[in-house]
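Student: Dropping a prediction and its sequence here:
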Protein chains: 2
Amino acid sequence: MCLSVDGPIFTMQKIKVAQFGLGPIGIESLKLAATQSWLEIVGGVDIDPAKIGRSLAELTGVPTLGGALVYSSLSELFAGVKPDVILHTAGSSAAASFAQVRPALEAGVSVASTCEELIFPALKTPELTAEYDALCRRTGARVVGTGVNPGFVMDVLPITLTGVSRRVDSIYVERVVNAATRRQPLQAKIGSGQDPDAFRAKFAAGKAGHAGFQQSLALLAHAMGWQLDKIEETCEPVIAPGPITTKFFTVAKGQTCGLHQRAIGTVKGEAKLILDLQMFLDAKNPHDTIVIAGDPALHLTLNGGVAGDSATVASLINIVPRLLAAPAGVRLMTELPVPAWVNPAA
Amino acid sequence: MCLSVDGPIFTMQKIKVAQFGLGPIGIESLKLAATQSWLEIVGGVDIDPAKIGRSLAELTGVPTLGGALVYSSLSELFAGVKPDVILHTAGSSAAASFAQVRPALEAGVSVASTCEELIFPALKTPELTAEYDALCRRTGARVVGTGVNPGFVMDVLPITLTGVSRRVDSIYVERVVNAATRRQPLQAKIGSGQDPDAFRAKFAAGKAGHAGFQQSLALLAHAMGWQLDKIEETCEPVIAPGPITTKFFTVAKGQTCGLHQRAIGTVKGEAKLILDLQMFLDAKNPHDTIVIAGDPALHLTLNGGVAGDSATVASLINIVPRLLAAPAGVRLMTELPVPAWVNPAA
């Protein structure tokens, strides 16, 4: 297999992938992967007894996936076929995701994951990250967390911008998402229709809010070489100013219609990194804005923003050739070559 | 020397650099390099007899560069000291730049360059690029072309954006620069004060216009896996609508006050890549805009744009640790890890 990481991919044989996690994002990942001539989908893994043993063709509606089946574990999958890469879309916790993909890493099979905490796993689980990094180096496997947010708009993109910076003083990133245009689980996640105090209590208990937010901030700090004193994170409900009806929710005036989450990273008491995320129903003017104070000052806006769902699986597929060309270990997106679309026709 | 390419740099010893080319950009490069605690400046090279033998401290006005001298050639420099990296700022031609830095590459010394054609040297000189790539692989050296334009806003940044793309149909990049705020050589380069027909004749003869434009387009095509039928490049003078006076030029109504350059790359007759550059005196609303047609559609604007001069030397310094960690060879920016500011205090 000969991989060029920055242009056309010349493969003597296709890259074999298996999908771990067959929820909505996993199915989207498979559907996109099925359109890539450079990939061969060899199977799926899920814990749902209703899915185990069925064919991926049936689960996805993509007839060309005919021969590939769903297994209850990676070990079962590996008994029949050894993929080159596992596409992992089965949770937000780095510790749980590491444990889930351990059989792959032990077998030297690399993992690309949408697990939010894997964007910077050392933030919450430094010892575990070091342990898995050592495991990967022994077996030749690599693992990386990727995505749109975390994974791109609030971390990798601002970091890329600083490549032309003589000096960076601070970084501010603002993301406004109109959740009314998004899928049901996102509308649920942001608290649509909930009592504001109940939502606040859920966030305080770690059961609501956008995952991976602090990891984006930690990746920014790592890339900038800043030792943070602390990360402060807040999350407030956005209150519906009137009744709102979406395809999935009916929200009364005064109920929660979204969230306003903020993370601030300070260095020696000075706020150097601020991430500001507003995801709510009927948000006007969705966008991503990056403001870098320094020399030169930089002000970037992505008008309309980047829709998270479908672009997240794109980032997962696009990273595969870069990941396979990287040294073994637990990798960060900033250690891999510049991300880019992989043209399936090239 | 232990280099982390994506965060704080822990160096047991400093990276030794020498500056090749002591024109205005070379001096800017040295001044920025002198502020980097992780770099040690060991000398300079220039062909100007008035500079040879003088100290870099004298040429730059930076007293800490005291011991470093200007040599007439790399061979002379190497007789006394062997740097790890040459910072090259001495021309736009890939062929000439390769020849200039050949003694470094033969000695296994890597080169970071602002040479515009080195952004994608295979466009104009494919055999020579292959020859130098083979030379680098033999000696362990690397060479890369970097900068702001080419090197970032019209190539690396749009490519990075497509990392979240499911499909890319076409890429349009527009850059508007107010040349009145820029240094004298840029105002001269865009034809300020020239007769419009004289400027057109100069462009037709390859003696005017923005260098590296087609190389940006070729890098985009390479990253997208598109085989271009052809690249069409046009350059028209922008005509002064009234008298314009800058620090360096007085332009009468009807004379040239800048350029409007355009390059179009077609695949099977379809325009897939369009670069549009307007650099003229008193241009309103300077900006860089990237429009990616595809799924998702992406629309990015850098408000105010990125000033080329001082940011170009920043991109040159910031790429050094990434270049030293890369495999030997003629490298493209898209083959190196995500660019980022290098924090001198980390």
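Tutor: Thanks, I have the structure now. Residues are numbered from 1 along each chain as shown, chains lettered A, B, ... in the order given.

Student: Spell out which residues of the stretch 51-200 of chain A are next to chain B.
Tutor: Contact residues (Cβ under 8 Å from any Cβ of the partner chain) of the stretch 51-200 of chain A with chain B: A:148, A:152, A:156-157, A:159-168. Yep, even glycine has a C-beta here, placed from its N, CA and C like the rest.

Student: Return the subset of those residues lying in strands.
Tutor: A:167, A:168 (DSSP state E).

Student: Buried subset of the residues of the stretch 51-200 of chain A next to chain B, written for PyMOL?
Tutor: PyMOL command restricting those to the buried ones, with burial defined by 16 or more other Cβ atoms under 10 Å in any protein chain shown:
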select buried, chain A and resi 148+152+156+157+159+160+161+162+163+164+165+166+167+168
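
Student: Can you tell me which of the residues of the stretch 51-200 of chain A next to chain B comes closest to residue B:110?
Tutor: Closest approach to residue B:110 among these (Cβ to Cβ): residue A:163, at 17.8 Å.

Student: Not counting sequence-adjacent ones, nearest residue to the closest one?
Tutor: Ranked by Cβ to Cβ, 6 or more residues apart in numbering or on different chains and with sequence neighbours excluded, the top spatial neighbour of residue A:163 is residue B:339, at 2.6 Å.

Student: Could you single out the nearest of the residues of the stretch 51-200 of chain A next to chain B to chain B?
Tutor: Nearest to chain B, judged by Cβ to the nearest Cβ, of those is residue A:163 at 2.6 Å.

Student: which ones are touching that closest one?
Tutor: B:152, B:156, B:314, B:315, B:318, B:319, B:338, B:339, B:340, B:341 (Cβ atoms under 8 Å, 6 or more residues apart in numbering or on different chains).

Student: out of these, which is most surrounded?
Tutor: residue B:156 (31 neighbours; other Cβ atoms under 10 Å in any protein chain shown).

Student: what's around the nearest residue to that one once chain neighbours are set aside, how many residues?
Tutor: Nearest non-adjacent residue to residue B:156, counting by Cβ to Cβ, 6+ apart: residue B:333, 5.1 Å away. Neighbours of residue B:333 under the rule other Cβ under 10 Å: 29.

Student: who's in contact with the residue nearest the centre of chain A?
Tutor: Closest residue to the average C-alpha location of chain A: residue A:147 at 3.1 Å, with Cα atoms, centre = their mean. By Cβ under 8 Å, 6+ apart, the residues touching residue A:147 are A:114, A:116, A:119, A:212, A:308, A:312, A:315, A:316.

Student: Just the buried residues of stretch A:72-84, please?
Tutor: A:74, A:77, A:78, A:83, A:84.

Student: what do you get for stretch A:118-133?
Tutor: A:118, A:119, A:120, A:121, A:122, A:123, A:125, A:128, A:129, A:132, A:133.

Student: likewise stretch A:240-248?
Tutor: Residues of stretch A:240-248 classed as buried: A:240, A:244, A:246 (neighbour count, 16+ other Cβ under 10 Å).

Student: Just put these in TSV and tack on secondary structure, distance to residue A:27 and pLDDT.
Tutor: Output for the buried residues of stretch A:240-248, formatted as TSV (DSSP: H, G, I helix; E, B strand; the rest coil; distance: Cβ to Cβ, whole Å; pLDDT from 0 to 100):
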residue	secondary structure	distance to residue A:27	pLDDT
A:240	coil	31	97
A:244	strand	28	96
A:246	coil	22	94
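
Student: For residue B:292, state which of those is nearest.
Tutor: residue A:246 (28.1 Å).

Student: hang on, the earlier thing: which residues touch the residue nearest to residue B:156?
Tutor: So residue B:333 contacts A:338, B:119, B:144, B:145, B:146, B:151, B:155, B:156, B:219, B:319, B:339 (Cβ under 8 Å, 6+ apart).

Student: one step back: okay, the residue nearest to the centre of chain A and residue A:184: tell me how far apart.
Tutor: 19 Å (Cβ to Cβ, to the nearest Å).

Student: try residue A:102
Tutor: From residue A:102 across to residue A:184, the span is 31 Å (Cβ to Cβ).

Student: picking up where we left off before, can you report phi and psi for the residue nearest to the centre of chain A?
Tutor: phi 150, psi -170 (degrees, to the nearest 10).

Student: ditto for residue A:23
Tutor: When read as degrees, to the nearest 10, the backbone of residue A:23 gives phi -80, psi -170.

Student: what's the neighbour count on it?
Tutor: Count around residue A:23 with other Cβ under 10 Å applied: 15.

Student: which ones are touching it?
Tutor: Going by Cβ under 8 Å, 6+ apart, residue A:23 touches A:89, A:90.

Student: Enumerate the beta-bridge partners assigned to residue A:142.
Tutor: residue A:329 (DSSP bridges).

Student: before we move on, the earlier item: tell me which of the contacts of residue A:147 fall in helices.
Tutor: By the criterion of DSSP state H, membership of these in helices covers A:308, A:312, A:315, A:316.

Student: who wins for most neighbours among those residues?
Tutor: Among these, residue A:316 has the most neighbours (other Cβ under 10 Å), with 30 neighbours.

Student: any idea how far that one is from chain B?
Tutor: 10 Å (Cβ to the nearest Cβ, to the nearest Å).

Student: and if you look at residue A:67?
Tutor: Going from residue A:67 to chain B by Cβ to the nearest Cβ gives 24 Å.
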